[in-house]
Every structure is written in C-alpha cells, then in structure tokens.
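Colleague: Provided below are the primary sequence and the corresponding predicted coordinates.
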Amino acid sequence: MYCQQITIKGLITAEKNEAIQGCIVTVSNSKTLDKVLAYGTSISNGAYEVNFDNNTKLDSLYLTVKHFSYESILIKIPAKSIIQNFILTEKINELNEVIIKKERTLEVKGDTLSYLVHGIKSAKDYTIEDVLKRIPGISVKENGQITYNEKPISHLYINGVDLLEGRYSIATQGIPADAVKTVDVMKRHHHKRIDIGRTESDNVSLNLKIKDGVNALFGTLKSEIGIPFLTANADVTPIYLRKKIQNIGSLKANNIGKTLKNVGDDLQLDNSNAYALKLNELQVISPPNINGVAISDKFWLDNDSKAITNDALYKVNDSTLVKWNANYVNELSRIESKTTTTFLANDATNTNVNISRNQLRTQRFQTGSSQEINKRNYYLKNSFNIKLTDNTGNEKSNLNSIDVLSTFNRRDFLLNEIITFKKVVSRNKTIESGAVVDFELKNETLAVNPPVFEDLFNSNSLNSKTAQGVRVTRFNAGAFAEYQFAIGKVEWKLNQTANYQHFNFMSGLELQPTTTNLEFPFKSDFEFDKTTSITELKSNVLLGKTRISWSLASEFISLQMNEKAETNLNLNKNYLFLQPRLNIKHTFNSKWIAGTSYSLKNSISDFRNLIPPLILSSFNTLVQNPFFVNKTQAHSITPYLNFDDVLSSFYLNLNCGWDQTKSDVTFDSEVNSDGFITNKVILRPNTFLTYRFGTTIRKSFLGSLNANLSYNFRYTENELFFNNEFLISLNKSHNIDFEISWDEGTWFGAVYKANAFLSTSFLPRNEVENKALFQTANLDFYTSEETRISLGTEAATATTSRAAKADTNVLFNAQFFYKPSKKLFLSAGLLNLFDTKVFTTTNSLANIVNVYQFSLRPRQFTLGLNYSF
C-alpha cells in the first residue's frame, strides 16, 4: 500500500516581521478545500507544523493560510515534506475594526465561526438560548429546535461532547448565558471522525464552551406566580460537568400557558441510513385539537404541566462514550375556540361553524441508553429506547348548533434498537453497516355522544353513542450496508438496504349499547406484510469549482395484504421502481454558491392509506380507504443561489421550484348540511402541481442590529371530487416575514416582527381570499444598570373576502426587571393588560378556508425570579 509521511512546517509573520499566532494552515487536494487532508495552527512565535500520511499518489497539494485579521493565502506545493514560510498582509476594512474593538467577538477558524458570548450578549439575556438568537443565521423555534440558515443543526456539543443528542433544548434553555465562553458554529461538520477528509458534508453543528471558572455543579432556577387566576411556574436545571462525567437534569411544572409536551423530543437533523429505516409515526384517530396559532401560548393555553428529565454521560476515553437518559411528561391542556370553515364548490359554498372546548392529558415516559466509539479509523454506536404514552381527552363541540361530546384515548408502547458500524477498509475505502429493530403496540378509542353516522348501521334501536376502537401491532426490522470508494477523482458509494415490516390492524366501529355482530367494513382484522430492497449507486465528482452529485436507486417492494374479516380482500403484488437524483453545485468563491437539484421519487400507498375498514377518525369525520394500491410519481426541480459573507454578516438566498406528483387516485370528500364529513378515494388519475419561489435576506451587526426579511410564493393546482362534483382547485399564497432587533447596550432595545399572509383559493366559478397580518413588538428601557422596563404587544388583523369587516385584536404586556446581582433576576408584570377576550386568525388549503377565534386567558399580574447557580 502506498503511504508517505509528509511534514510541512515554517513561520508565519506580518509585513513588519511580527509573528502571527492563531493562523489556520490547511492542506487540501484542491483549491476549494474540498477534501481536507490535515490542518494545524501557528503558535506564539508564528511557527506551524502539519504532519499527515499521503495515502494517495498526489503530485501536488494546496496549502491555505487563514487568519481573521489578515488576507488569506492559497499556494500550490509539491506533495513532499518542505519548509514554507508566509508573510501575511493585514486586512483593512471597517468591519474588522469593529470586531477588533469588541475584543474579537467573532473568530474564523476554517469552517468554524467562534463567537465570544460576552461580545454579543445583551443585559437581558438569561440563558444561552437567548444569546444563540443573536448569532447571524441562527433561529430558535418555539419547541427549542435550532436552525442555521433555515436548516436544522445536526448536533449540539457541550465542551466538545454531544450528551443530549436531539434533546438539546434541555441544555440551551437551562445553561446560564454567563457560564458559556464561546459558541462555535461548525459548518460542513462531520460527527464521525472517520468521515473527516473522506466525505462531503453540509451539516452545521454548535459547540458550547463552558468557562474555566464555572463550578462543577451549576444551572438555573426560574419561578413565577400570578393572580387573580392563580398561576405558578417552577423550572430548575442542575448541570454537572467534569472531564469524564456530564449530567443534565431538569424539573419543570407550570400552569402559565407554557407547554412541556415537547420536552425530551428529538430535534436534530438525522439523515443517516439507519434513521431512514425507523418506523414512521402512525395516527389513526385524531386527538382533540389543543393547538393555537399565531400568538404566544401564554395567552390562550390553559394548562397544568409537569416534566422531569435526566441525561447522563460517562467518557470512558477520548473516543468512547456511554449515555443514559430518561424523561417523564404529564400535561393537561385545554383550549376554547370557534372555527368557521368554508368549503368551496363551483356554484355553491358550504359553511360550518364549530364552537369547541377541548382538553387533552398527555403522559409520556421515555428511557434509553447508547454506547458510542468514535475513532479516526472506525465508528460504532448502539442505542436502545423505550417509550410509553397515554393520551386521554375530550371535545365538547357545538357544530352547526348540534351539541356533540367525544372522548378519546390512545396508549402506545414503542421499543427501538439501532446499531451502526463504519470502518476504514483501505486507503480511502470505507464500509458502513447497521441494523434497526422496532416494535410498537398501539390502542386507540373514540366515543361520540349522541351517535353519529347512524344511517350506516340500519339500526332501529335507541343508541347513546358511536364507538370506534383500534388496535395496531407493528414490527419493523431493517439493515443496510454501504461501501465507499474512489476511482480517480470520482467518489462512489454503493448502498444496499433491506427492510421487512409486519403490521396487524384490528378495529371495530359500532353503535352502543346495541349489541351487534360486527362485519366488514365495520370490523377489521387486517394483516400487512411489506418487504423492501433498495440498491443505490451514488457518485460525486469535482470539476473545477463545480461539484456534480448523482444517484440511481433500484427499489423492489413486495406487498401482501390480507383482510380476515372479508376474504375477498386479499392482495399480493410486487413493484419495481427506479429513483434517480441529480445535484449540481457551483462555488464561485467563498461567498457565492449556485446550484440546482432534480429528483424522481416513485412510491406506493403507505400503511395508513391501505387500512380497508370504515374508520371514525374524529367526531365528525368518517374515512374509508379503497382496497387498491395507489402509485405516485413525484418530480422535483429546485434551483438556488446563495450569498454568505460571514465577515459582514450578510446572507442572501434565492430559490424556486417546480413539483409535480402524478397519482392513480383522486380524493373524494362529502360534507353534509350538519357539517359531517366523509372522505374516500376514487380510482381516477390526478396530478398535483406546485410552483414555488422564495428569498431570504439577512443583515447583522454583531451585538447590535439584526434584520431579516423573507418572502415565499406558492401556487398549487390539483383535482378533487367534492360533494359529487369534480373540481379543479387552485391556490395562490404569498407569505412575508420581517424581523428587526436593536440592542447595542445603551439605554434601550427594540424587537419588531411581522408576518403578512395572503392566500386565494379559487375554482372556475368560485373563489375566496383570506389575509392576515401578525405583529409583535417589544421595547426595553434600561433605566439603570440594575433595572429594565419592558413593554410588549402582539396584534393580528385577519379577514376573508366573504367577511363584512376585518377582525383586529391587540394584546399588551408590561414588565419590570430588577437585577440586584449578576446571578439574580427579579420581575413583576402585567399580561394581557387590557383583558382582551378573543384572538382571530385564518388559513386555507385546497378548496377549504378556515377562520379561527381563540378565547384568551384573563389579565394576570405576575412576580418572577430567575437565579443562576
């Protein structure tokens, strides 16, 4: 085997012969740093040294020297040991002067951006999540998920270790901002060390570096009480960090309108081969809706929530980690709302009005463990998880003046085991394999009083309710193997995946208390077996500054279905599909990138759409799937253009797309005068067409101004069968998001957010337009070093073209903050200052337009305390 030890060393100085410390020296096989072979950093006297094994017969290498305050240098050198000195030219521009004055708030190290927390932190920031929102490109969603340039991050590390994996919101919402020294944004990141320098990555990860002086045990304590409606909040997050041990726990309880149902959820992006083999979530009966839209949960959600979590890690050595986790959530949520739904037909309009009081109690216990060995020449991980859930609720509705009470229950047991292994075979050849096993047992029930859809049963008895029961058992096993190799400059991956699924579905739909001998389609005992084999060849090659990636997959599916309650409904079919994909990306320079992607995806109906019996999926919706398999063919083309200037904190994205999905079936919906819906599918070819365009512009000045503007346009067209009439449904929507914030550490700070939405749903002879504007504004006045006054408002204007006037609702809040010490925050506030009673918003889909009106929580006076320990 060809192998040569190469050492490249030298001195890096400025034009005045001053040594430069902290330069990043990178050795690559191309000008674009496409494959990094090795890297090093210059020390205090300017000396650097890079050592690596040249396992490829390269004649030349590319050496890059980067430093934030100096112009970068890229040279071509022979592939041998040499001494190479550099003299760097200082960068002169306004932005560098700003950053240097701020004690180098931002430091660029190759693909890693390091932000000093104290340089961007505002006086009002309490946890590290507050600080992350100030970093250009980073957004934090309501559930705690972090995105960078609109893409979810793949990992969040604490001192270089990924303790929480996808459950990282526990840390970001619990680690004090003052405890973190730097936040590293790691672009093109590889979690597996074996992949570094061998594969391309567009993943972004974050690393939180804790300050050296922080105690081994630290964390945050948050508490709040409110009147006259007695409310309370308690949230404590103890954190223990040592070189070999990490532990993060949390204990949360509140009834202030802050949901905890997402605590412990997996939020990270996982596009691994093993993840693709896991069971998809299955929901047969819909639970009572307890979700609001547009405004903060604290205004409309009536809740009683408790959650406890603990994540522990033991670092055996630098490459071996053992982790354990457990979490328990118990939440009772209630919501009161009024929904007006307009169904469009060519020459008619059907309107339903539903006034509802819904509640849902969610109980979930989850525990798991994982073991990970992450070395340069191989990677091994095994993870095991168990999850138990119990959801119970009811929906008290007045639908078109008809009172209906429905009760819901779902119990679920899920077990999951995943193991993955990757090893270097020789030179740049690797092989990765893995296996996944899932087992799930699910029970769902729904009872509706008074009985609904009675005419289906031909019953002459007096009945009290309609009852739906469902029991699903699912077993899933899959394995994959992927071989990575190179032929010349072309990189190849050959992947083989096999997957077997066995599902049993049992259901009964009946009137109670009438005792009947249920028969199909009211009764079902359905067996489902699916075997899938996918062989895929992937390749990518760099031609100058253009990277071309493509793949071609051959997918074989064997499907067996057996309905024991109706022996005529047995099916045994095989399918063979080809799935091509193409991606072209051109890198003009370090700032400009343009590309386009194309994919063709062939698929068949999933299990949820193949269940043959009648299913009462909600109190007013009956569903019956056809007993045939629908084949779809989806084409997608997405061109894009990106500009990203890290130093000036300016980002621009332009993208557009065309999607076409051809289907063998057309959806059939019927709504009667009482507002009850029957959904079916008919065998009729249909095409769903989408055109889309979007742009995002962002400009930031570290520690002061952040501005973000995005616009998205979407046009859809498809055919549907509604109330015995074929309709061509068209929808056009425009969505604008704007956000600007200012906080330079002076006497005031401001944040303004706006979302404008305009949508038109139209048929050849009928149409309706709905539009909404949501606005949020907050002003902070720093009256002294210890005190701050905060004024906030949330407002919405919503209307449709059928409404006589627009609905406008405004909410006001006022808070006073006192910080007597570095670790203590005290607060007093008034929420919903003018005691606004309702909030209105709207949305649309296909030929359906909804207007929602939510009841709000009354005015509250609150006292709060936040303490960092």
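Modeller: Great, that's in hand. Numbers count the residues shown, from 1 in each chain.
Colleague: gap between residue 804 and residue 852?
Modeller: Residue 804 sits 18 Å away from residue 852, going by C-beta to C-beta, to the nearest Å. Glycine gets a C-beta too; all of them are placed from N, C-alpha and C.
Colleague: what about these two, which has more around it?
Modeller: For residue 804 against residue 852, the residue with the higher neighbour count under other C-beta atoms under 10 Å is residue 852, and the figures read 18 against 5.
Colleague: can you pull the contacts of that one?
Modeller: With contact set as C-beta atoms under 8 Å, 6 or more residues apart in numbering, residue 852 has these partners: 292-293, 337-339, 840-843.
Colleague: Where is pLDDT lowest across the residues you listed?
Modeller: Within those, pLDDT reaches its minimum at residue 293, with 71.
Colleague: So that one: helix, strand or coil?
Modeller: coil (DSSP: H, G, I helix; E, B strand; the rest coil).
Colleague: pretty sure it is touching residue 840, no?
Modeller: No: under the criterion of C-beta atoms under 8 Å, residue 293 is not in contact with residue 840, lying 10.4 Å apart.
Colleague: The two: who's more crowded?
Modeller: The residue with more neighbours, out of residue 293 and residue 840 and counting by other C-beta under 10 Å, is residue 840; that gives 21 against 16.
Colleague: show me the contacts for that one.
Modeller: Taking C-beta under 8 Å, 6+ apart as the definition, contacts of residue 840 comprise 796, 798, 807, 809, 851-854.
Colleague: ChimeraX command to pick out the buried ones of those?
Modeller: Selecting the buried subset of these in ChimeraX, with 16 or more other C-beta atoms under 10 Å as the burial test, is done by:
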select :796,798,807,809,851,852,853,854
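Colleague: Tell me which two of the contacts of residue 840 sit farthest apart.
Modeller: Pairwise distances among the contacts of residue 840 were taken by C-beta to C-beta; the largest, 12.8 Å, belongs to 809 and 851.
Colleague: Report the beta-bridge partners for residue 586.
Modeller: When bridges are called by DSSP bridges, residue 586 pairs up with residue 546, residue 594.
Colleague: got it, and residue 763?
Modeller: As for beta bridges, residue 763 partners with residue 766 under DSSP bridges.
Colleague: shouldn't it be in contact with residue 731?
Modeller: No: contact status for residue 763 versus residue 731: not in contact, 10.4 Å apart, counting by C-beta under 8 Å.
Colleague: Any idea how many residues pack against residue 144?
Modeller: Neighbour tally, residue 144, other C-beta under 10 Å: 18.
Colleague: Find the helix or strand that it is a member of.
Modeller: Taking DSSP states H and E as the definition, one finds residue 144 inside no helix or strand.
Colleague: out of everything not next to it in sequence, what's closest to it?
Modeller: residue 169 (2.7 Å; C-beta to C-beta, 6 or more residues apart in numbering).
Colleague: which ones are touching the one you found?
Modeller: Residue 169 makes contact with 129, 143-145, 262-263, 265, 267 under the criterion C-beta under 8 Å, 6+ apart.
Colleague: Which among those residues count as buried?
Modeller: Applying 16+ other C-beta under 10 Å to the contacts of residue 169, the neighbour count classes 129, 144-145, 262-263, 265, 267 as buried.
Colleague: Kindly indicate which of those residues lies nearest residue 466.
Modeller: Sorting the buried ones among the contacts of residue 169 by how near they are to residue 466, with C-beta to C-beta, puts residue 262 at the top with 32.5 Å.
Colleague: For that closest one, which three-state class applies?
Modeller: For residue 262, the secondary-structure state derived from three-state DSSP is coil.
Colleague: Not including adjacent chain positions, what is the nearest residue to it?
Modeller: The shortest distance from residue 262 to any residue other than its chain neighbours is 4.3 Å, reached at residue 143 (C-beta to C-beta, 6+ apart).
Colleague: For the stretch 101-250 of the chain, which segments count as helices?
Modeller: The residue ranges that make up the helices of the stretch 101-250 of the chain, judged by DSSP state H, counting those that start in this stretch, are 117-120, 128-132, 169-172.
Colleague: CA atoms only: put the longest one into PDB for me.
Modeller: What that stands for is helix 128-132. Below are the C-alpha coordinates for helix 128-132, written out as PDB (Å, rounded to 0.1, in the frame of the first residue of the first chain):
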ATOM      1  CA  ILE A 128     -27.700  30.600  26.300                       C
ATOM      2  CA  GLU A 129     -30.800  30.200  24.100                       C
ATOM      3  CA  ASP A 130     -31.300  33.900  24.400                       C
ATOM      4  CA  VAL A 131     -27.700  34.500  23.100                       C
ATOM      5  CA  LEU A 132     -28.000  32.000  20.300                       C
END
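Colleague: for it, what is the average pLDDT?
Modeller: In this model, helix 128-132 carries a mean pLDDT of 95.
Colleague: List the contacts of it.
Modeller: When contacts are defined by C-beta under 8 Å, 6+ apart, helix 128-132 is touched by residues 117, 120-122, 124-125, 138, 140, 144, 146, 169, 171-173, 175-177, 179-180, 183, 206, 208.
Colleague: Just give me how far that helix sits from the chain centre.
Modeller: Distance of helix 128-132 from the chain centroid (C-alpha atoms, centre = their mean, to the nearest Å) equals 18 Å.
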